[in-house]
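J.: Curious how this folds, go ahead:
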Amino acid sequence: MIAALSVAAACSVGGVTVSLGGRGSVSSGGVGDSGDSSAGSAGLDGDGGPGSGGLMVTPGPFEPHCDGGLTTSISGTVWDPAGVVPLYNAVVYVPKEPGQLEPFEPTVACERCTDPVRARAVTLTGPDGKFVLENTPAGDIDLVVQVGKWRRRQTVTVAACRDNRIAADKTRLPRSKAEGDIPKIAVSTGHSDALECLLRKIGIDDAEFTTDAGEGRVHLFVGCEADNTDPVDLTKHTGASHFSKALGGASFPSTNQLFDSGKLAEYDVLVFSCEGHKCDSIQTPTHVEQLVDFANQGGRVFLDHDHYNWLNHADAPIEQAAQFSSSQDNVPSPLATKIDTSFPKGAAFAQWLKNVGASSSEGVLDIYTARTSVVSLTDNRAQKWIYRAENDKYDGFFYFTIGTPVAVADDDPPPPACGRVVFTDLHLSKAGGGDPTAIDISDQNTPFPDGCTTSPLSPQEQALEFMFFDLTSCVQQDDMIPTPPVVK
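T.: I've put the predicted structure just below:
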């Protein structure tokens, strides 16, 4: 017999009394049974918890009060848009108002990790991407997974007084704007690297890659000025400059147009793929000033190898965050590097690399086609992540971050971070680890996405995926332990 229990009623489920303190109702499909007939279709992975007793919750969230020391919780793993790689430091929460989320600022904005969130319950994922969200409502409720301006809301059915493990497809980030929110990203292609292919591999839908005239969330720009107009001059090392016919065949605008359009502030993230030279035609004093202002206002900037020239041309104090020299092309592959575990997120990064199989030993990463551009870092302006200190000519800093704005003087503490600049000396386009089928190509004669492989991520691609989501996440000082946002 199925007994419906109304608001503020109580029932005995598996020997535990459950009272319902809000709207919604519960029916028992045979009190004391061990199965959970609602799992699977409700987005659960099908594992019943203690005291589940075949509890079936009708739509409408309610606040259960559980006897016997039991609680209502949600657990699972947050994944990248592809549903393949688990994500660290993702925010998971039940919004306070079902069906409603506060819209993001449509322009670049300061997104600090201390910003409050309107939620009933909130938590963060660990280095394995897993989370447990305690003391949640039961019934049909909204569950949100978020990394910065990546955000996806799904309805899940939660049974009272047990842990509810949520299916993986419910807890991945959105692949398209139809599934949720995606930051607005500008990518400058480069002949010597193919970061546009990395964005595709992490699961962003092809429909989201457009020119700046399109409605996609990832806009592609061709590397240096005049690259589009002189396609036969290979000394320019031109990156991909147009879409395949399957994606419309449109030509990419020049990266100069990204700065000259007056629309730079409409983006959240700028990604510069290595062009094979310093690309001085982009780095005019006006454009460098625009880039620094963008970062100081909360923008995120990803600089790949020779694009260190943006920092070299910047005014102090950000120019003093790192010191560079011309990099070597004969760095051996693989090259053993270390992860800096002296700060909380660095320690989590080392654990994460081991968890996903990118490192055979925690705190160590073998990299391919590396460069040694970075001579030194200023401690209070930059944080090293991947480095080598073996007292030989291949020592260096292969990945570091800068919180923006930076400290004004060498002995000043850095101000509260608002934006973020990252630099990598790791190339991806030739980082297949000896496997030619794993090499992504960005070239003027190879339209996007024809040069992108579908091979599994290499270890350093996994490392840079971690870094990309860290870049696009909320911002805090690197030496702080990540904590869930305050509930408001």
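J.: What are the neighbouring residues in contact with the residue lying closest to Gly216 once chain neighbours are set aside?
T.: Once flanking residues are discounted, Gly216 sits nearest to Thr210: 3.4 Å by CB to CB, 6 or more residues apart in numbering. (Each C-beta comes from the backbone N, C-alpha and C, glycine too.) By CB atoms under 8 Å, 6 or more residues apart in numbering, the residues touching Thr210 are 216, 218-220, 250.
J.: what's the answer for Gly76, then?
T.: Contacts for Gly76 were tallied using CB under 8 Å, 6+ apart; they are 45, 92, 130-131, 165-168, 170-171.
J.: Now do the helix or strand it falls within: distance to the chain's middle.
T.: Counting by DSSP states H and E, the element that carries Gly76 is strand 73-77. Using CA atoms, centre = their mean, to the nearest Å, the mean C-alpha position of strand 73-77 is found 20 Å from that of the whole chain.
J.: Read off the pLDDT value for Lys278.
T.: You'll see Lys278 listed with a pLDDT of 72.
J.: Number the residues from 237 up from this point.
T.: That works, and once the first residue is 237, the last one we named lands at Lys514.
J.: Identify the neighbouring strands of the following helix or strand past the strand holding Gly312 in the sheet and state each direction.
T.: The C-terminal neighbour of strand 309-313 among helices and strands, as given by DSSP H and E, is strand 327-331. According to DSSP bridges, strand 327-331 forms sheet pairs with strand 355-360 (antiparallel), strand 375-383 (antiparallel).
J.: just to revisit the earlier point, may I have the strands that pair with the strand holding Gly312, each with its orientation?
T.: Here the strand partners of strand 309-313, with direction, are listed using DSSP bridges: strand 366-370 (antiparallel), strand 399-401 (parallel).
J.: ok, how many other residues are close to Asn545?
T.: The burial count assigned to Asn545 is 20, neighbours taken as other CB atoms under 10 Å.
J.: Please verify my assumption that it contacts Ser517.
T.: No - with contact defined as CB atoms under 8 Å, Asn545 does not count as touching Ser517 (11.0 Å).
J.: Now do the helices in this structure.
T.: The residue ranges that make up the helices of the chain, judged by DSSP state H, are 431-437, 491-496, 521-532, 545-548, 580-591, 695-708.
J.: Could you say which of the strands paired with strand 309-313 is packed most deeply?
T.: Of those, the one with the most neighbours on average (mean count of other CB atoms under 10 Å) is strand 399-401, at a mean of 23.
J.: count of neighbours near His541?
T.: Using other CB under 10 Å, His541 is surrounded by 25 other residues.
J.: quick one: average confidence on stretch 444-459?
T.: 96.
J.: Give me the distance between the two termini of that stretch.
T.: For stretch 444-459, the first and last residues are 20 Å from each other (CA to CA, to the nearest Å).
J.: Buried residues in that stretch, which are they?
T.: Neighbour-count burial for stretch 444-459, counted by 16 or more other CB atoms under 10 Å, picks out 444-448, 450, 452-459.
J.: from those, which is closest to Trp588?
T.: Taking CB to CB as the measure, Val454 is the one of the buried residues of stretch 444-459 closest to Trp588, at 24.3 Å.
J.: That closest one: what's it in contact with?
T.: By CB under 8 Å, 6+ apart, the contact list for Val454 reads 421-423, 432, 435, 440, 444-446.
J.: 6 Å - rerun?
T.: When contacts are counted by CB atoms under 6 Å, 6 or more residues apart in numbering, Val454 is found next to 421, 444-445.
J.: and these as a markdown table, adding distance to Val642?
T.: As requested, the contacts of Val454 are exported to a markdown table (distance: CB to CB, whole Å):
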| residue | distance to Val642 |
| --- | --- |
| Ile421 | 23 |
| Glu444 | 32 |
| Phe445 | 32 |
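J.: neighbouring contacts of stretch 612-622?
T.: Applying CB under 6 Å, 6+ apart, the contact partners of stretch 612-622 are 556-559, 573, 576, 633-638, 642-643, 650, 714.
J.: So among these, where is pLDDT lowest?
T.: Minimum pLDDT across those is recorded for Pro650, with 83.
J.: quick one: it and His663, what's the gap?
T.: Relative to His663, Pro650 is positioned 29 Å away (CB to CB, to the nearest Å).
J.: Repeat that for Ile638.
T.: As for Ile638, its distance to His663 is 21 Å (criterion: CB to CB).
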